[in-house]
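A.B. asks: Fold the following for me, if possible:
(2 chains)
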Amino acid sequence: AQSVSQHNHHVILSEAASLELGCNYSYGGTVNLFWYVQYPGQHLQLLLKYFSGDPLVKGIKGFEAEFIKSKFSFNLRKPSVQWSDTAEYFCAVTSLNNNAGNMLTFGGGTRLMVKP
Amino acid sequence: NAGVTQTPKFQVLKTGQSMTLQCAQDMNHEYMSWYRQDPGMGLRLIHYSVGAGITDQGEVPNGYNVSRSTTEDFPLRLLSAAPSQTSVYFCASSGWGEQYFGPGTRLTVT
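C.D. replies: Numbering: from 1, shown residues only, chains lettered A, B, ... in the order given. Prediction:
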């Protein structure tokens, strides 16, 4: 079964600091990769996704992620965080080679707190 | 455009009670799914459906039932609530690729 690991459970940064959140998955087949964000009290929103093509994916709000197939990684980055980026971030994977269609497997999440 | 809607937003149950969490989508999506969110564990798939009349179990199906009689609706039933089912429940739908999530139902079982 596929699994997703997010290594940082809690991250605290000051505004304008750079952000990198790690995500590794375990599945050898073809995958689609996602980063979702959950602001306090809200539901999940898609930040960005990778299906194929350029491994460097740009999403909303200045976020980007790089798919490195050889490392089974899909790390999320932002050059300069803002207080409004305080949220929980989830990496997710869906396999194209199982009967569950595009059901997602999520990582455990990373809580980001940005201090003003 | 309503997207994915869920009711209720909050619910408190006593152990042993049953209830149904409602989920509806107006995007004509074939895929629908239920996840539960618990601290430090991300979201875990409970049940999913790839079309009307077709459902299957996810990672944590025990204690939950689903049915999919229409494309739009995908209710989740708790048969006999237990404290371990205290969680936030999210319904999602998708055509192919990106999933759209509902606002969630926060359930507490005492």
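
A.B. asks: what about B:Thr86, distance to chain A?
C.D. replies: Taking C-beta to the nearest C-beta, to the nearest Å as the measure, B:Thr86 falls 18 Å from chain A. Yep, even glycine has a C-beta here, placed from its N, CA and C like the rest.

A.B. asks: Surely that residue is in contact with B:Leu78?
C.D. replies: No - B:Thr86 is beyond contact range of B:Leu78, at 11.0 Å (criterion: C-beta atoms under 8 Å).

A.B. asks: Return the alpha-carbon coordinates of stretch A:9-26 using CSV.
C.D. replies: The C-alpha coordinates for stretch A:9-26 follow below in CSV (Å, rounded to 0.1, in the frame of the first residue of the first chain):
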residue,chain,number,x,y,z
HIS,A,9,5.0,18.1,12.2
HIS,A,10,5.4,21.7,13.4
VAL,A,11,7.3,24.5,11.8
ILE,A,12,7.6,28.0,13.3
LEU,A,13,9.0,30.8,11.1
SER,A,14,9.2,34.6,11.1
GLU,A,15,7.7,36.6,8.3
ALA,A,16,9.9,36.8,5.2
ALA,A,17,11.7,33.6,6.1
SER,A,18,11.9,30.9,3.4
LEU,A,19,9.8,27.7,3.7
GLU,A,20,10.5,24.2,2.7
LEU,A,21,8.2,21.3,3.8
GLY,A,22,9.3,17.8,3.1
CYS,A,23,7.1,15.1,1.5
ASN,A,24,8.1,11.6,0.6
TYR,A,25,5.9,8.9,-0.7
SER,A,26,6.3,5.1,-1.1
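
A.B. asks: any residue of it up close to chain B?
C.D. replies: Yes - part of stretch A:9-26 sits near chain B under the criterion C-beta under 8 Å from any C-beta of the partner chain, namely A:His9.

A.B. asks: Which positions in that stretch come out as buried?
C.D. replies: Neighbour counts over stretch A:9-26 (16 or more other C-beta atoms under 10 Å in any protein chain shown) mark A:Val11, A:Leu13, A:Leu19, A:Leu21, A:Cys23, A:Asn24, A:Tyr25 as buried.

A.B. asks: ok, and the closest non-adjacent residue to whatever residue of chain B ends up closest to chain A?
C.D. replies: The nearest approach of chain B to chain A comes at B:Gly42, 3.6 Å away (C-beta to the nearest C-beta). Once flanking residues are discounted, B:Gly42 sits nearest to A:Phe106: 3.6 Å by C-beta to C-beta, 6 or more residues apart in numbering or on different chains.

A.B. asks: Show me the shaky parts of chain B.
C.D. replies: B:1, B:96-97 (pLDDT under 70).

A.B. asks: Write out the residues of it neighbouring chain A.
C.D. replies: Contact residues, chain B versus chain A (C-beta under 8 Å from any C-beta): B:31, B:33, B:35, B:40-45, B:48, B:50, B:56, B:58, B:90, B:92, B:94, B:96-99, B:101-104.
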